[in-house]
Structures are given as C-alpha cells and as structure tokens.
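using only what follows, build the 3D model:
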Amino acid sequence: MIETWRWFGPTDVTTISDIMQTGAGAIVSALHHVPDGAVWSPHEITKRQVQIGTTTDGRASGLAWLVVESLPVSEDIKQQTGKWREHIANYKLSLENLAAAGIFTVCYNFMPVIDWTRTDLAWRLGHGGTCMRFDAIDFAAFDIHLLQRKGAAESVTPFVADAATARFVGMSGTDKGQLAASVLAGLPGAADRLSIDTVREHLSRYGSISGERLRRHLFDFLEEVVPVAARLGIRLCCHPDDPPFPLMGLPRIMSTEVDYRAMLEHLPDAANGMTLCSGALGARPDNDLPGIMRRLGDRVHFLHLRNVRLEGEAVGCSFHESEHLDGSVDMVELIRAIVAEEARRKAVGRSDWVIPMRPDHGQDILDDLRRGGQPGYPLIGRLKGLAELRGVARAFAQVGQ
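Below is the predicted model of the structure:
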C-alpha cells in the first residue's frame, strides 16, 4: 500500500512538516474552499501542489498530491435540479485540470445533504483520550426535536423515540447546541456550511426522491463523467455512506456490498471504482469487510483504514471510533485481503498494483487533546494507527500472505 496522509490545506493544524515525520509518502487533499459545482482551476490546483511540496520554513517536502478527496458532487447533481447540467460540465473540466496536473485518483461521495455524521466529536474514553461517536438516541433527539422533521418520530422504533424525548428534555441549552453543532459539522475551510434551516430546505427538495431514483441520478452522473475519466487515465472511487444507513428520511445508496456491486456492474470500466472505507462500511454489522475486499478488490482504487466499535447488533445502532486494530472490523484479515489483491495485480502486470491508503481518523490522545485539530484527524492518534497498519501489512508482505 502507498501510505498517504489527509491534509486540509494551510488551515490544518497538522503541517506538511509534521506529515514528513509520519513516514507517509504522499498527500490526500482537496480544494475545500471552492464551492460545490464550481470548476477547480489550474491555478488553484497548482497552488495546492506548491503548498504540499513546501515545508513551513520553505524547504522542499518531497511530498506530492496523489489523491483528491473529495471532488464534491453538488446537491444540484444529486437532485437533478437547478444548475445540475452545468455542474456536471464543470466536474468534467475539473477532471481535465487534475489530470493535466498529474493527479489521477479522485474520491467522491453521493451522500445527500450531510456528509459523515456523528453526534459527539469528542467522546471521552476510559484511557482519557477522546473519539468521535454516533449515538442513535442522540441523533433521534436531534431529528425529532431540533430539526423537527415531519415523520421523524415514526422513522424509529417507539423505544428509541421515547428515549430520545426523555434525553432531549434533560438536555441544557448548551447540550442542545453542541449536539446540533456535532451533527452539522463540516470540513475545515469548506465553502458550503450547513445550518438547521439549510438542512430543512434541502430535505424539502428530497421529498419525492426515493432510493431508486437517487441511484438513477448517480448512474446518470457516472455515465457522463466515467468516459472522461477513462480517457484521462483517472480512477474515480466512490466513498460509502457514513454511517451506512438512512438518516433524516434521506435515501442512502452506497451502504452495502450489494450497492457497490450494482454501481460497478452498471459501468464496468476500470475508471469507475470504489473507496473501501472500513470504518464507514464497518458501522453496519452485516458488512463483511475482508469479504468485500476479496470479491470487489479489482475495483478498489483507494483505501481508508479505520475501525469502529459497534454498540449493538442492529443496523443503525450506536458506535464509536476505536483503535485501528481493536474494533468490530477484523482489520488484520482485511489487510491480508488487501495484500493478496496487490500481489494478484502485480502478477498480471497492472500499473496500479499498489493501492493508496490513508490511516483514517484516529483517537485524540496525548498532545492531540491540546492541539485543537479537525475532529477525527488528530496527528498522534493517526500516527499510532498508521504504525499499527504498517506493521500488519509488512508482516503479511514478508510471509506472502
């Protein structure tokens, strides 16, 4: 695996100089300040490449921008409303500009309205560190009582609805504000910010969009952009829903192996691929991550390796982000499958036999607790995870799986 590191740009408290000391060999980044649907210009792409290639004291870092995460798909495209055709044309032009700059792996997602969703961004762990957590009761409290979505109470079991009401009644104003902020948290420097009012507005537009229709919109998008990516030599890789089950009455269409198989079979071109995120897919107890890698690994273009600890057995249960080798995902077996897939690719002469991987998320530990970094992206917590993942991968590589 090519070890990479996600960097959010100049506002990231983890600097390029810091990343050089992790051992990661390349950078995953994006132009978060560019509004969704707009063109990524050659100037902005080059500017980010220069930032990545330069340390804080002006020296050459030796790092390059290898993977885009993400080139966002606008809500207009997902809903097929407004300027969606113009946004698809802009997406194609952005792909052209990225390829011209030498960047050929592009991650995206098709999650409606809200990207990754957690109810607590700093949940206290027994060892004193913190992690991100999704609490099903807290989310229901947000959906029913803060968002006040029509039908929210009926979309969960009576037990969950009653528990959410009891919890909401016991919340202070500060607690309610913190819950809303956690659910609506975005990426640092993002141009598009969410509020409860904007979420309500988006939800009203999705009222008539079923899961089947949203999948059709995804396929329409891919039918436009995959041929362009194939011509340019770009590998598109769709990130799974996070968490991988419906929220706020919105359809989720990239949550299971069946979902991915439908997408990959619809457009079998190698340019149409997947981002295998073990933490996102692992938040469903019925997703078999090592099995997915073995069965769909031929089309895996990017890897996010992180772990979650499920706090129940049903789809939609609470979970928190665990240490990389200690969670509900069998990470060791997953890495075994990844190393085997890379060996298979190398044997048949594929140029992309080494798959980019980044240690995804991490627990805030030690100095992370004082650094004030982006939730989920601590320096030391991710470095610990990378070291653990690196050790397992090298062990399998040496013994031939």
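
what strand or helix carries Ala395?
helix 379-399 (DSSP states H and E).

do you have the helices of the stretch 51-200 of the chain handy? List them.
For the stretch 51-200 of the chain, the helices defined by DSSP state H, counting those that start in this stretch cover 75-79, 84-100, 136-141, 158-169, 173-183, 196-205.

distance to Leu236, mean pLDDT and mean neighbour count added to these, as JSON lines?
Every C-beta, even on glycine, is put in place using the N, C-alpha and C of the backbone. Formatted as JSON lines, the helices of the stretch 51-200 of the chain follow (distance: least, CB to CB, whole Å; pLDDT from 0 to 100; neighbours: other CB atoms under 10 Å):
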{"stretch": "helix 75-79", "distance to Leu236": "14", "mean pLDDT": "96", "mean neighbour count": "21"}
{"stretch": "helix 84-100", "distance to Leu236": "8", "mean pLDDT": "98", "mean neighbour count": "18"}
{"stretch": "helix 136-141", "distance to Leu236": "30", "mean pLDDT": "98", "mean neighbour count": "24"}
{"stretch": "helix 158-169", "distance to Leu236": "37", "mean pLDDT": "97", "mean neighbour count": "15"}
{"stretch": "helix 173-183", "distance to Leu236": "28", "mean pLDDT": "96", "mean neighbour count": "15"}
{"stretch": "helix 196-205", "distance to Leu236": "24", "mean pLDDT": "91", "mean neighbour count": "14"}
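
so which of those helices comes closest to Pro378?
Nearest to Pro378 among the helices of the stretch 51-200 of the chain is helix 173-183; the distance by CB to CB comes to 16.5 Å.

tell me the mean pLDDT over stretch 255-271?
The pLDDT scores in stretch 255-271 average 98.

can you check stretch 350-358 too?
The model assigns stretch 350-358 a mean pLDDT of 97.

quick check: buried residues in that stretch?
Ile355, Pro356, Met357, Arg358 (16 or more other CB atoms under 10 Å).

over to stretch 6-18?
Buried residues in stretch 6-18 (16+ other CB under 10 Å): Arg6, Trp7, Phe8, Gly9, Asp12, Thr14, Ile16, Asp18.

same thing with stretch 219-239?
For stretch 219-239, by 16+ other CB under 10 Å, it's 219, 221-222, 225-226, 228-230, 232, 234-239.

about what we covered before: quick one: contacts of the helix holding Ala395?
The contact list for helix 379-399 (CB atoms under 8 Å, 6 or more residues apart in numbering) reads 1, 3, 5, 13-14, 18, 22-24, 129, 305-306, 323-325, 331-332, 335-336, 338-339, 357, 359, 361-368, 371, 373.

quick revisit: out of the helices of the stretch 51-200 of the chain, which comes closest to Leu247?
Leu247 sits nearest to helix 136-141 of all those, at 7.1 Å, using CB to CB.

ranking helices and strands of this structure by mean pLDDT, which lands last?
Ranked by mean pLDDT, DSSP states H and E, the weakest helix or strand in the chain is helix 196-205, scoring a mean of 91.

just the CA trace of that helix, in PDB.
Written as PDB, here are the backbone C-alpha positions of helix 196-205 (Å, rounded to 0.1, in the frame of the first residue of the first chain):
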ATOM      1  CA  ILE A 196     -30.700  23.500  10.600                       C
ATOM      2  CA  ASP A 197     -32.500  25.900   8.300                       C
ATOM      3  CA  THR A 198     -30.400  24.900   5.200                       C
ATOM      4  CA  VAL A 199     -30.900  21.200   6.100                       C
ATOM      5  CA  ARG A 200     -34.700  21.700   6.200                       C
ATOM      6  CA  GLU A 201     -34.500  23.400   2.900                       C
ATOM      7  CA  HIS A 202     -32.600  20.500   1.300                       C
ATOM      8  CA  LEU A 203     -34.900  17.900   2.900                       C
ATOM      9  CA  SER A 204     -37.900  19.600   1.300                       C
ATOM     10  CA  ARG A 205     -36.200  19.100  -2.100                       C
END
